[in-house]
Each structure stands twice: as structure tokens, then as C-alpha cells.
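# Provided below for reference: sequence and predicted model.
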Amino acid sequence: MSKIIIYEDEVRDGYLDSGKFIPGAKQILGFDKPEPDVQKGTGQIYTFKQLGFSCKKNNHKPDGWYLPYDTNKVAIILETKSNQEDLENKKWVDELLKNIKITNTKYKRVVGILYNGVEQRVFLNEDEFRNIPIDLQDEKYYLDLFTNEEIDTQEIYLTTMKINNLLHYKFGVNDYYDRMIFTACALVAKRYGAPLSKGMPYSLFHFTILDTLSKSLENAMKQNEKLKILLEMYSKVQMNITNNQQAINDFINNVNIISDLINSKHWNGEDVMGIFFNEFNRYKGKSESGQVFTPDHITSLMCRIIDVNMDDIILDAACGSGAFLTKAMANMIHQTGGPNTTKAKDIMSKQLYGIEIDKRVYSLACANMLIHKDGKTNLEQMDSTSQEACNWINSKNITKILMNPPYERKCHPELIIKNVLDNCPKNTKAAFLLPDNKLEKFSAKWRKDVFNKHKLIKIIKLPEKTFDEGVSVSIFIFECGNPQKNEEIFTCYIKDDGLERVKNQGRQDTKHKWKNIEDKWVEIIKKQSGDSSIKWIKPNEHLSYQEDEKPFEIYEEDFVKGMMDYLMFKEEINQKEFKDNLSKEIMYSSEVTLDKNTKTISINVKGGDKDEE
């Protein structure tokens, strides 16, 4: 059967097929919808001269154009071809580039689109942009391609520190969860267009956030009534009503800075709440039990080693602040070509699911997802150990699981893990972040029940300093619905992640080492070869990475120490006092002389001459 020919004009303006109108580039892009301050349209009816260009080669006629009156903004030039034409043909590319050059005489930023009704090629000025979807998108997608300002990671941390100090010292918000909730709600309100501006009195500033949240979430709450919890938590935040206008202005300014950073194309789904937590918990009392937030580089690694893709449906049944969901969302949207694609909208509204039991943490997760433009926020506030949660999970047709379950016995992590595995379809990949020996501490009955139904295929031990709390953790990767049958488990050990501690800001990738380390380990874990740490273990013997035992060694210093300890014990000499006195003598009653290769310390001995040591 011969292929139906769609002519160039039809590709551009649309056509009828069996009485049904098929949209063309004109309708898909939105060039048929008038906009103030923009000259746009389609059809080879105007030359560039007629469109306002005064260059020599101005007799060309573009197939489509989007030309803002403000020439500092982005322009779009469209070239359409029949579906019979190959877009790799140099002739068509040269034609588009010629038109881009003409447009560049007025506009510094021009998006050129070559489209044949089947696929597209896109150019930013004269450089081709490769990471695009096959299908044509609306005009906003192309306009946003030029908004890729680099993220300044240090700025996000410093701005967060300023917000924390303002809320703690100027607004009197002592509870660090309240500081996080208040800031998160301000960011959500900002995302939905809250007119937060300097000079607003406190009462108006506070009401504007609440009012914007209420109105903007009205439709979303019809789908998920529990979003009301976010409004409830915001209303409960206790703070001193302040007349310090400068403090209010500074808070608004800092929220605007973070909002702009999050909306940058270079924002890779970093967990905003995790960043807040690192900063806001600096004033946390020792008695306060805190949420453990998964480091961003670990969420990235876990997404990659279970191959999260744009068609996956993701579950985190202990989602905390939503770190895994925001990272998965960012990665999936990146694969579609950007947040303005049709597929991206589906991802945000239909492919991300989470459960969180704690009300305040649930509100933070909702805010985190809304800040990251999640269109529906499919989060539930419920107990993941309950039958209600099992039924909910079972109804979602999950394809990938990413989780950092609670570690405490009282939270029953073993039941959460089992419920998740039992209620997801066969072959679903599940990655859990847990303490190294956690599975071995679960009951024999749990292990029997789980491994009779599901398979543990990989264990990746992470660096010892992954968590500040001192917990040594590993990633455990399961495959749902396939029994273990004593099949051996691949294990490896990532000893170093390249991160360094920054004062008051936690561990950060200050020297940008992680990307190469992550790429290397993703390849090793995929191939299951390439590193000396790799071991294969039998599930009936171990369920954790087994480090090599260090050979027993004893040195002369150990022998001397043992003798000295014994002699002091025998002579009833207090070791602590003896060490303190000896240290004082060496530091304050000695003379130090230096030769080329020798350092000599002379100590005064009471009643005698100096002895040299």
C-alpha cells in the first residue's frame, strides 16, 4: 500500500482526512492565535522585507514566523516540507539557515524549525539542537529553549541560608518544619503567580500566599482532596507579626531568587526540601527527631541503575519530601525534550505516585511536587503498612519503585517493603535504600515469604559518609514477581562519591567529581563487571555486601603499649593523669633543638640535669 502524500501546504496549515481535520504546524504551534506585541502567522505570503527586515536578501518568504515587537525576545522561523521529503537533505537545511540569518539581523535569539509532518529538526540560531521530541510542540516549548541559564548551586544554598536566618531571627519561627512549610508555600504561590513584591505589609504578604494557594489548588483539590493539608499546615505556622519591612522585603527577594533558579532549564529535579532541610535543621534541638532526606546524587544514581524512562510509572511509598519523585520527574521530562511537551504534561499528571504517613512531611512533599510543576500531585497521606495502601498501590500499574523506607523498627520497614513488592506487577524493578544489614535483621519468615515471590538481584554498598547520621547504607534492587530460587546476587562497593563537607551546608559536590563517578558506576553495575569490589553472594548465606577481612597484624608499638599499660596497672598509676602530666612537661618544660635530620626535645627532670629524649 503506497504512503499517503501530505503536501507542504497541508503540513503547514492542516488538512481533511475522511472528513476529520488534521492540525498542521500552524495549529500545533499556535501561530493561528493572535497575541499582543507579537507578529505571527503562516503561509508564503510575506517577504522578510514586508515583515520589517531591511537586509539585502529580504525577498525570501518564510512558511511561518513568530516575531515579537521587542527584539530582545526570542523569534521563531518555520520551514515546512512534504512528508515525502527527507529532512537530512542539505538543501532544506541551508534554506532554513538562510532565513535564520536574515532574522538574526534584528533578533539575537532565533529558533528555526524544519518540519515535514512526521519529524522535525530544530536550530538555535545556526546550531542544531538535538535533544528534542519527534513531534512538533507548541510555540512555548521553542521559546523556552533559549532560557537555559546555568544553575549556581552555591547561590541556592546561600539564599536558603538567608531565608532560614530571616524566619528564625526576624519572624520568630522556631520550628524548622514550620520554616520549611512557610518557605515552600511561598514558592508554590510564586509559581502560581502570587504578586509578592517589596513594600507589602506583613498582613497582606501573609494573606497573598494563602489566597493564591487556595485559588490555584482549587481544581487540583477536586482530584486530590488531601492537598488541603498543605493549606492547613501553612495556616498553623506560628510567627511573630513583624513590622520589620526590610525583613519582609528580603524574604520576598530571596524567594524570587530561588523560584527563578528552580524554573531554569538546568534545574535537574534537585529536592528543594532536601536543600531546605540541610540548612533549616541547623537550629534544630537535640530532642527533635528529624526526617532523613535522601542526598540528591543518590536519587540520581538510583534512577539510572533501574533505567527510569519517560514511559515509566513511578512509586515511592515512603516519599518523605518527594526527592525520588522530583528527580524521576526531571529525568523523564528531560527525555521528552522539555517541560512544555505534551508527554511531559502526562508525566506530571499521571506517572508519579507517592505515599507519606506524616502530615507535615506530606505537606512538604505536595509543595515540592507543585514547585516542580507537577500538574496533579498524586500523593496520598496514608500508612504504607495498611491494606488501604496495598489496594491503592495495586491500582496504579507501577513499573518502577524508588524508595528510602524508614529505618526504625517501630515504623515496620519490612512490612512496607513487602506490601510494595506484593502489589506491583511482575518484572517491576524496585530500588530500596536501606542500612547495609537491614534485610538480614528481618525475620526468617519475612525472608522466606519475600524470596518465594520476588528476587533480590543487586546490592550496591554506598560510601560510609553518605548520611551525616552515621548510618552505612546500600541500594537493594529487587525484581517483583520472580522468585529467588537461590540465584546468586551481584554486589559491589562504591567507596567514594567525591563529595566534600561544606560548613553548615552538608556534603556537596564542590569539585564536580560526581558526574564522572556516577557514569562509571552506572556502566559497572549495568555490565556487572569492571571493578575489584564486585562479589557474587548466595542469598541463603548473606543479604549484604561482604567486605574483605583485613589480615591480623601486630606491630612493635602495640607490644610496647601493652607492656606500658600492664606496668602502670601493676604500679597503680592513673593513666590519664600520667598522660596529662607528660604532655604538659613536653609542651611547657622542654627545649627543642633542630638539626638537619633530627629534632631533639630536652625535658627538665626535678633534682637532676636535663635528659634528652
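Received it, and whenever you're ready, just let me know what you need.
# helices along the stretch 251-400 of the chain, start to end?
For the stretch 251-400 of the chain, the helices defined by DSSP state H, counting those that start in this stretch cover 272-280, 296-305, 323-336, 342-350, 359-371, 387-394.
# export the ones you listed to JSON lines and tack on mean pLDDT, distance to Gly43 and mean neighbour count?
The C-beta positions use only the backbone N, C-alpha and C, and glycine is treated the same way. Formatted as JSON lines, those follow (pLDDT from 0 to 100; distance: least, C-beta to C-beta, whole Å; neighbours: other C-beta atoms under 10 Å):
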{"stretch": "helix 272-280", "mean pLDDT": "67", "distance to Gly43": "45", "mean neighbour count": "24"}
{"stretch": "helix 296-305", "mean pLDDT": "92", "distance to Gly43": "45", "mean neighbour count": "22"}
{"stretch": "helix 323-336", "mean pLDDT": "87", "distance to Gly43": "30", "mean neighbour count": "24"}
{"stretch": "helix 342-350", "mean pLDDT": "87", "distance to Gly43": "25", "mean neighbour count": "18"}
{"stretch": "helix 359-371", "mean pLDDT": "85", "distance to Gly43": "41", "mean neighbour count": "25"}
{"stretch": "helix 387-394", "mean pLDDT": "97", "distance to Gly43": "52", "mean neighbour count": "16"}
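# how about those in CSV, adding distance to Ser583?
Below are these laid out as CSV (distance: least, C-beta to C-beta, whole Å):
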stretch, distance to Ser583
helix 272-280, 38
helix 296-305, 42
helix 323-336, 47
helix 342-350, 63
helix 359-371, 49
helix 387-394, 59
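# and of those helices, who's closest to Asp178?
When these are compared by C-beta to C-beta, helix 359-371 sits nearest Asp178, at 8.5 Å.
# tell me what angle that closest one forms with helix 342-350.
170 degrees (axes from the mean of the first three to the mean of the last three C-alpha atoms, to 10 degrees).
# got any ranges where the stretch 51-200 of the chain has weak pLDDT?
Along the stretch 51-200 of the chain, segments meeting pLDDT under 70 span 55-58, 147-153.
# if we can go back for a sec, tell me which of the helices of the stretch 251-400 of the chain sits nearest to Leu16.
helix 342-350 (22.7 Å).
# quick one: secondary structure of Ile460?
Of the three states, Ile460 takes strand under DSSP: H, G, I helix; E, B strand; the rest coil.
# would you check how far apart the spatially closest residue to it that is not a sequence neighbour and Ile459 are?
Distance criterion C-beta to C-beta, 6 or more residues apart in numbering; nearest residue to Ile460, sequence neighbours excluded, is Ile475 at 4.3 Å. Look at Ile475 and Ile459: by C-beta to C-beta, to the nearest Å, they are 7 Å apart.
# quick check: phi and psi on Phe432?
Dihedral pair for Phe432: phi -110, psi 140, per degrees, to the nearest 10.
# shouldn't it be in contact with Pro405?
Yes. Counting by C-beta atoms under 8 Å, Phe432 touches Pro405, with 6.3 Å between them.
# now do the shared contacts for these two.
Ile417 (C-beta atoms under 8 Å, 6 or more residues apart in numbering).
# which of those two has more neighbours?
Phe432 (25 against 22; other C-beta atoms under 10 Å).
# Ser474 versus that one, what's the distance?
9 Å.
# ok, Ile181 next?
On the measure of C-beta to C-beta, Ile181 and Ser474 end up 32 Å apart.
# for His334, same thing?
27 Å.
# do Ile357 as well
24 Å.
# more crowded one of the two?
Taking neighbours as other C-beta under 10 Å, Ile357 and Ser474 compare with Ser474 leading, 26 against 20.
# and the helix or strand where that one lies, what does it pack against?
Assigned by DSSP states H and E, Ser474 falls within strand 473-479. The helices and strands touching strand 473-479, judged by 3 or more C-beta pairs under 8 Å, 6 or more residues apart in numbering; DSSP states H and E, are helix 296-305, strand 429-435, strand 455-461.
# can you do 10 Å?
Under the contact definition 3 or more C-beta pairs under 10 Å, 6 or more residues apart in numbering; DSSP states H and E, strand 473-479 sits against helix 296-305, strand 400-403, helix 413-422, strand 429-435, helix 438-441, strand 455-461, strand 489-493.
# which elements pack onto the first one?
So the one you mean is helix 296-305. Looks like helix 296-305 contacts helix 272-280, helix 323-336, strand 400-403, strand 429-435, strand 455-461, strand 473-479, strand 506-508, helix 514-527 (3+ C-beta pairs under 10 Å, 6+ apart).
# for Glu488, find the nearest of those.
Here strand 455-461 is closest among those (C-beta to C-beta), at 9.6 Å.
# the closest one packs against which elements?
Against strand 455-461 (3+ C-beta pairs under 10 Å, 6+ apart) you get helix 296-305, strand 429-435, strand 473-479, strand 489-493, helix 514-527, strand 535-537.
# now do the shared contacts for Ile475 and Ile459.
Leu434 (C-beta atoms under 10 Å, 6 or more residues apart in numbering).
# quick one: the strands in the stretch 501-613 of the chain?
506-508, 535-537, 590-594, 599-604, 610-612 (DSSP state E, counting those that start in this stretch).
# still on that earlier bit, out of the helices of the stretch 251-400 of the chain, flag the one nearest Pro36.
helix 342-350 (25.2 Å).
# which residues does the closest one contact?
So helix 342-350 is in contact with 28, 133, 135, 137-138, 141, 220, 223, 310-314, 328-339, 341, 351, 369, 372-378, 396, going by C-beta under 10 Å, 6+ apart.
# save the helices and strands packed on strand 473-479 as CSV, and put in distance to Lys570 too.
Converted to CSV, the helices and strands packed on strand 473-479 look like this (distance: least, C-beta to C-beta, whole Å):
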stretch, distance to Lys570
helix 296-305, 52
strand 400-403, 57
helix 413-422, 51
strand 429-435, 43
helix 438-441, 43
strand 455-461, 45
strand 489-493, 45
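# which of these is buried the deepest?
Of the helices and strands packed on strand 473-479, the one with the most neighbours on average (mean count of other C-beta atoms under 10 Å) is strand 400-403, at a mean of 25.
# now Lys236: how far from Glu218?
If you go by C-beta to C-beta, the gap between Lys236 and Glu218 works out to 21 Å.
# actually Thr428, not the one I typed
Distance from Thr428 to Glu218, by C-beta to C-beta: 35 Å.
# phi first, then psi, for Ala75.
Dihedral angles (degrees, to the nearest 10) for Ala75: phi -110, psi 160.
# tell me who's in contact with it.
So Ala75 contacts 38-40, 65-68, 100, 103-104, 106-112, 142-143, 146 (C-beta under 10 Å, 6+ apart).
# which residue is the nearest non-sequential neighbour of it?
Closest to Ala75 by C-beta to C-beta, 6+ apart is Tyr107, at 4.1 Å.
# about what we covered before: Thr428 and Glu218: which has the busier surroundings?
Thr428 (23 against 10).
# what about Leu204, neighbour count?
If you count neighbours by other C-beta under 10 Å, Leu204 ends up with 15.
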